[in-house]
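# Show me the folded form of this:
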Amino acid sequence: MIRMSNQLHEEGITFAEEGNYSKAIEKFDQSILLNPNNSMVWEQKSQILMEMGDYFGAIKAAEKATQIDPTFVFS
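Model prediction:
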């Protein structure tokens, strides 16, 4: 499951880089379903939600990232 989660995460990054934010969120959400404890995916989801103007969703995703890893530093 971790391998598939990582693959979905990478696909999400690719979509985000292409500006396809809704597809990126879809891939990040799929990745999270398989591995909900990956703070990096939550952080990147937060960044994309910010780009989309969903500030509340972005804050919630960022909070989840820091709950998982309190030492996580956002880039």
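# What's the mean pLDDT across stretch 26-44?
Here stretch 26-44 scores 97 as its mean pLDDT.
# Give me the most central residue, this protein.
Using CA atoms, centre = their mean, the residue of the chain that lies closest to the mean C-alpha position is K45, 2.8 Å off.
# which element is A58 on?
helix 55-68 (DSSP states H and E).
# Pull out the buried residues from that helix.
For helix 55-68, the neighbour count (16 or more other CB atoms under 10 Å) marks 57-58, 61-62, 64-66, 68 as buried. C-betas here are computed from N, CA, C, even on glycine.
# helix, strand or coil for the residue nearest to the centre of the chain?
With DSSP: H, G, I helix; E, B strand; the rest coil as the basis, K45 sits in helix.
# Off-centre distance for the top helix by length along the chain?
Across the chain, the helix with the greatest residue count (assigned by DSSP state H) is helix 2-17. Distance, stretch centre to chain centre, for helix 2-17: 9 Å (CA atoms, centre = their mean, to the nearest Å).
# List the contacts of it.
21, 23-28, 30-32, 34-35, 38, 40-41, 44-45, 47-48 (CB atoms under 8 Å, 6 or more residues apart in numbering).
# Give me the buried subset of these.
21, 24-25, 27-28, 30-32, 34-35, 38, 40-41, 44-45, 47-48.
# Tell me who's in contact with Q47.
16, 58.
# any idea how far N6 lies from G12?
Counting by CB to CB, to the nearest Å, the separation of N6 from G12 is 11 Å.
# do Q67 as well
Distance from Q67 to G12, by CB to CB: 20 Å.
# try G57
With CB to CB as the criterion, G57 and G12 are 15 Å apart.
# Identify the residues contacting I25.
I25 neighbours (CB under 8 Å, 6+ apart): 12, 45, 48-49, 52.
# Many thanks, have a good one.
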